[in-house]
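>>> sharing a model that was predicted from the sequence below.
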Amino acid sequence: MPMPNAQALLALPYEQMVEVIRRWTRKNMADTQSWNFWARDDQAEPLEDWRIWLVMAGRGYGKTRMGAEWVSALAAQHPGARFALVGATLNEARAVMVEGESGLLSLPFGERPAYEPSLRRLTWANQATATLFSGAEPESLRGPQHDFAWADEIAKWPSGIAAWDNLMLGLRLGDNPRAMATTTPRPVPLVRRLDKEKGVAVTRGRTIDNGMNLPPDFIASVRAMYAGTRLGRQELDGELIADADGALWSRDLLERQRAACAPELKRVVIGVDPPVSENGDACGVVAVGLGVDKNAYVLADHSISGASPERWARAVAAAADAWQADRVVVEDNQGGNMVETVLRAADIAMPIKRAHASRSKSARAEPISILYEAGRVFHINAFQELEDQMCGLIAGGGYAGPGRSPDRADALVWALTELMLGKAERVPQVRLL
């Protein structure tokens, strides 16, 4: 039976774990003094063939340790090999990749190379060498040749594509030159290019994946502050979030329009976009309130997926009751009278307003996006699925978001149209100054 790594060992019941350890030989004990034993399964090198290994993960995931261990192992295996260590700046390359807590000089198991700061060079006993470079100085990478390269925080490189291209053109020594890039994802051109490029193996991960090695209070506090926001999804969940070209909403705009709480509300409306079918389609159900300050506040997303008409009608009724809504606005293009009949059967006693869509979802959403830009609509939470759909609606028509249809976003639009624009589908007058 192969020896389990630390992750598998700790997953065993206590008694079984103790029994496994009791059976270890001296060789087994010696094997614990290696990165292969302590690395999590999700930190392992990809099995498929690759020339570039891109690790995009949240902060605290262990990206730096992965990069340093990868370099250290290759240096031991390839005497005389030449490495490029490229950081966002030379100072960061030195402080993080070499001297940092997870850098090459701090690894507990690998050989500690000799470091010559003035020459920006590390040298192992077998004459493998590594030289530090800056992603802010792409011309410094023009000319030098390497067997391997570790590029750290490529999303921060000031001259990202130029530096990367020069690095790749010099990666031409040895039988199998390869590069590893570690970064917290940001939708900069270089990261977006590598994420789609052939021959690039991608590892994704979240901060919580390394929870065993992080303070519980830290994890709890950052999740409480940033969960669901663009910053949290990027910095903690390791998601690469890019705005679609021509989108009616941008992530930055939505982040600006967040509020900790709503003021006293004059009205609450539930917007509903019924599903075309039960096969994976969601029923958009969004609660929006009108404050005494005449601004709108998105209160909750109660949307439900794959539900029968009876189930989604009950979800609408529950949302209306929870928020003491005074009206339900529902699109009636799919089903007409049936939609209202289903809602009435769910015991919704308040007024139900049927709205008929004569224009595309994108066209109906355009005047609502203007209200956001004017600072008139706020989100009292981070609504990940709803906001993903909003950022997928393209001006002039089209949808580039997740799923087949922006059902949640459409429900939001119906509710805000009722609250803020009065007559459904009325386009606000925009005066250009």
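Cool, the structure landed.
>>> residues in contact with residue 164?
Neighbour list for residue 164: 135, 151, 154, 157, 190 [criterion: Cβ atoms under 8 Å, 6 or more residues apart in numbering]. Quick note: C-beta positions are derived from backbone N, CA and C, even for glycine.
>>> tell me which of the residues you listed fall in helices.
Counted as lying in helices by DSSP state H, out of those, are residue 190.
>>> need the contacts of residue 164 in a markdown table (columns: pLDDT, distance to residue 245 and neighbour count).
Output for those, formatted as a markdown table (pLDDT from 0 to 100; distance: Cβ to Cβ, whole Å; neighbours: other Cβ atoms under 10 Å):
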| residue | pLDDT | distance to residue 245 | neighbour count |
| --- | --- | --- | --- |
| 135 | 94 | 26 | 28 |
| 151 | 97 | 27 | 30 |
| 154 | 94 | 22 | 27 |
| 157 | 90 | 23 | 25 |
| 190 | 91 | 18 | 22 |
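>>> tell me where the stretch 301-433 of the chain has helices.
309-322, 337-345, 361-373, 384-390, 407-420 (DSSP state H, counting those that start in this stretch).
>>> hey, where'd the helices end up in the stretch 1-150 of the chain?
In the stretch 1-150 of the chain, the helices defined using DSSP H, counting those that start in this stretch lie at 6-10, 14-22, 26-31, 35-38, 63-77, 90-92.
>>> which one of those helices has the most crowded surroundings?
Highest mean neighbour count of these: helix 63-77, a mean of 22 (counted as mean count of other Cβ atoms under 10 Å).
>>> the closest residue to residue 155 other than its chain neighbours in helix, strand or coil?
Residue nearest to residue 155 in three dimensions, not counting chain neighbours: residue 186, with 3.9 Å by Cβ to Cβ, 6 or more residues apart in numbering. Classification of residue 186 using DSSP: H, G, I helix; E, B strand; the rest coil returns coil.
>>> residue 186 is in contact with residue 153, isn't it?
No: taking contacts as Cβ atoms under 8 Å, residue 186 lies outside contact range of residue 153: 9.5 Å.
>>> between those two, which has more neighbouring residues?
residue 153 (22 against 18; other Cβ atoms under 10 Å).
>>> got a list of what the nearest residue to residue 189 once chain neighbours are set aside touches?
Of all residues not flanking residue 189 in the chain, residue 161 sits nearest, at 5.8 Å (Cβ to Cβ, 6+ apart). For residue 161, the contacting residues are 189, 190, 193, by Cβ under 8 Å, 6+ apart.
>>> phi, psi for the residue lying closest to the second one once chain neighbours are set aside please.
Think residue 190. In this structure, residue 190 finds its nearest non-sequential neighbour in residue 160, 3.7 Å apart by Cβ to Cβ, 6+ apart. Phi and psi for residue 160, reported as degrees, to the nearest 10, are phi -50, psi -60.
>>> residue 188 is in contact with residue 160, correct?
Yes: using Cβ under 8 Å, residue 160 is in contact with residue 188, at 5.9 Å.
>>> of the two, who's got more company?
residue 160 (22 against 17).
>>> for residue 183, see how far away the residue nearest to residue 190 is.
Using Cβ to Cβ, to the nearest Å, we find residue 160 at a distance of 10 Å from residue 183.
>>> what touches both of these two?
154, 191.
>>> shouldn't residue 211 be in contact with residue 219?
Yes: between residue 211 and residue 219 there is a contact under Cβ under 8 Å: 5.9 Å.
>>> mind checking which of the two has more residues around it?
A direct count of neighbours by other Cβ under 10 Å for residue 211 and residue 219 places residue 219 higher, at 16 against 13.
>>> ramachandran angles for that one?
The phi/psi pair for residue 219 (degrees, to the nearest 10) is phi -60, psi -50.
>>> which ones are touching it?
Residues near residue 219 by Cβ under 8 Å, 6+ apart: 207, 208, 211.
>>> try residue 269
Applying Cβ under 8 Å, 6+ apart, the residues contacting residue 269 are 287, 288, 289, 290, 325, 326, 327, 328, 329, 415, 418, 419.
>>> how many residues are close by the first one?
Looking back up the chat, that one is residue 287. Residue 287 is flanked by 23 other residues according to other Cβ under 10 Å.
>>> gap between the host helix or strand of it and the chain center?
Using DSSP states H and E, residue 287 maps to strand 282-291. Once both centres are worked out by Cα atoms, centre = their mean, to the nearest Å, strand 282-291 turns out to sit 25 Å from its chain's centre.
>>> and if you look at stretch 375-390?
Distance, stretch centre to chain centre, for stretch 375-390: 16 Å (Cα atoms, centre = their mean).
>>> that stretch: which residues count as buried?
376-390 (16 or more other Cβ atoms under 10 Å).
>>> contacts for it?
Taking Cβ under 8 Å, 6+ apart as the rule, stretch 375-390 contacts 227-229, 232-233, 248-249, 251, 254, 257-262, 286, 294-301, 303, 365, 368, 371, 401-403, 406-409, 412, 416, 420.
>>> give me that answer again for 7 Å
227-229, 249, 254, 257-259, 261-262, 286, 295-299, 301, 371, 401-402, 406, 408-409, 412, 416, 420 (Cβ atoms under 7 Å, 6 or more residues apart in numbering).
>>> cool, and stretch 283-294?
By Cβ under 7 Å, 6+ apart, stretch 283-294 touches 262-275, 296-304, 307, 312, 315-316, 319, 323, 325, 386, 407-408, 410-412, 415-416, 419.
>>> just the mean pLDDT for that stretch, thanks.
Averaging pLDDT along stretch 283-294 gives 96.
>>> was I right to think residue 330 contacts residue 312?
No: here residue 330 lies out of contact with residue 312, judged by Cβ atoms under 7 Å, at a distance of 10.6 Å.
>>> can I assume residue 262 is in contact with residue 296?
No: the pair residue 262 / residue 296 is not scored as a contact, 9.4 Å apart, by Cβ under 7 Å.
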